[in-house]
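> the sequence and its predicted three-dimensional model are supplied below.
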Amino acid sequence: MAPKSVATPSAPDMNLRTKTVNDLPAMLVKLLDRFKDETGWVFTILASSPRLLQGQKGQNI
């Protein structure tokens, strides 16, 4: 399956996208800690910027 093209967002969209991505790790830690407390299971999530699919430098969490 070919990677989807990633459109260049406008400045306000990019600011919101950046804030959302930056807030994601803390939100996921809270969510996964809750799952761990409720189930006893330990969870791992891997995420990466879509730019990596296009061979560009990206962000990983």
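All right, it came through fine.

> can we go C-alpha only for contacts and neighbour counts from here?
Fine.

> now P12: how far from M27?
For P12, the distance to M27 equals 22 Å [CA to CA, to the nearest Å].

> scratch that, W41
Applying CA to CA, the value for W41 to M27 is 18 Å.

> residues of the strand or helix carrying D33 that come out buried?
Applying DSSP states H and E as the criterion places D33 in helix 11-39. For helix 11-39, a neighbour-count test (16 or more other CA atoms under 10 Å) marks L32 as buried.

> what's the answer for stretch 35-55, then?
For stretch 35-55, a neighbour-count test (16+ other CA under 10 Å) marks P50 as buried.

> first-to-last residue distance for that stretch?
For stretch 35-55, the first and last residues are 34 Å from each other (CA to CA).

> next: stretch 29-48.
Distance between the two ends of stretch 29-48: 16 Å, counting by CA to CA.

> can you name every helix or strand that the helix holding D33 contacts?
Contacting helix 11-39 under the criterion 3 or more CA pairs under 8 Å, 6 or more residues apart in numbering; DSSP states H and E is no other helix or strand.

> that one - what's its average pLDDT?
Summarised as a single mean, pLDDT over helix 11-39 is 89.

> figure out how far it is from the centre of its chain.
Per CA atoms, centre = their mean, to the nearest Å, the displacement of helix 11-39 from the mean C-alpha position of its chain is 8 Å.

> change the start of the numbering to 716 and stick with it
With 716 as the first residue, the last one maps to helix 726-754.

> so how far is V744 from the residue in the chain sticking out farthest from the centre?
Largest separation from the mean C-alpha position in the chain: G755, at 24.2 Å (CA atoms, centre = their mean). To V744, G755 is 15 Å away according to CA to CA.
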